[in-house]
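# My questions concern the predicted model and sequence given below.
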Amino acid sequence: MALRIVRIEISENCFENLITNLPNLEFDISEFKDLYHLRWSEENAFRDIKYPLCLKAFRSKKYKYIIQEVWARAILHNFETEIVVNTTIDSGEMKYEYQANYSEAFKICRDFLRIHDGKTILDVEGLIAQNIEAIRPNRIFPRQKRFKLPLSFCYRN
């Protein structure tokens, strides 16, 4: 497989290195910044699914059980997203618009499914509406430069 590394300037003295298999003849370096920008919403969507669903590590070693874990977490994510979308968040007279904190909403929905016995009452929408975060336009964070080692299954026999 032939790959190439493209270094694009995001802002002044800020570069991003991209590894691609797109051919030189069809895509020159100047087009990659626009392509990368178009893909950014998908990258954020993968991040928003990967971390709250704990898809960084799996509890299984066998392929079919890993697939089962991914599907179970995807179904839970769809359940949580449907509840969050239908939860009204009252911003009142605050400075910013607010949205639900998806990581906390995921935990609340997971807890709801764990203790749902028909007797215990849990106000899921109310708890989600309490765990909100401000939407701050044009906010930029520096990239975190840390390396995380992969998890090992050495404790299993």
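Yep, that arrived.
# helix or strand for Glu133, which one?
strand 132-135 (DSSP states H and E).
# and what of Arg47?
Residue-wise, Arg47 maps onto helix 29-50 under DSSP H and E.
# where does the next helix or strand along the chain from that helix sit relative to the chain's centre, distance-wise?
Downstream of helix 29-50, the first helix or strand assigned by DSSP H and E is helix 63-85. Averaging C-alpha positions (CA atoms, centre = their mean, to the nearest Å) puts helix 63-85 13 Å from its chain's average.
# Most distant residue from the centre of the chain?
Ranked by distance from the centre of the chain (CA atoms, centre = their mean), the top residue is Leu25, with 33.7 Å.
# what kind of secondary structure is that residue in?
The three-state assignment at Leu25 reads coil, by DSSP: H, G, I helix; E, B strand; the rest coil.
# For Arg4, see how far away it is.
12 Å (CB to CB, to the nearest Å). Backbone N, C-alpha and C define where each C-beta goes, glycine included.
# Check Leu35 too.
Leu35 is 14 Å from Arg4, by CB to CB.
# how about Val84, what does it touch?
Counting by CB atoms under 8 Å, 6 or more residues apart in numbering, Val84 makes contact with 100, 102, 105, 128.
# which one of the residues you listed is nearest Ala74?
When these are ranked by distance to Ala74 (CB to CB), Tyr102 comes first, at 14.4 Å.
# Contact partners for Ile108?
Taking CB under 8 Å, 6+ apart, one finds 124, 127-128, 131 in contact with Ile108.
# please redo it, this time with the cut-off set to 7 Å
124, 127-128 (CB atoms under 7 Å, 6 or more residues apart in numbering).
# Partner strands of the strand holding Glu133 and their direction?
Strand 132-135 has its sheet partners listed here by DSSP bridges as strand 97-100 (antiparallel).
# a helix runs through Phe15, doesn't it?
No - applying three-state DSSP, one finds Phe15 to be strand, outside a helix.
# picking that back up, for the residue farthest from the centre of the chain, give me the pLDDT.
As predicted, Leu25 sits at a pLDDT of 75.
# Ok, Ile67 next?
91.
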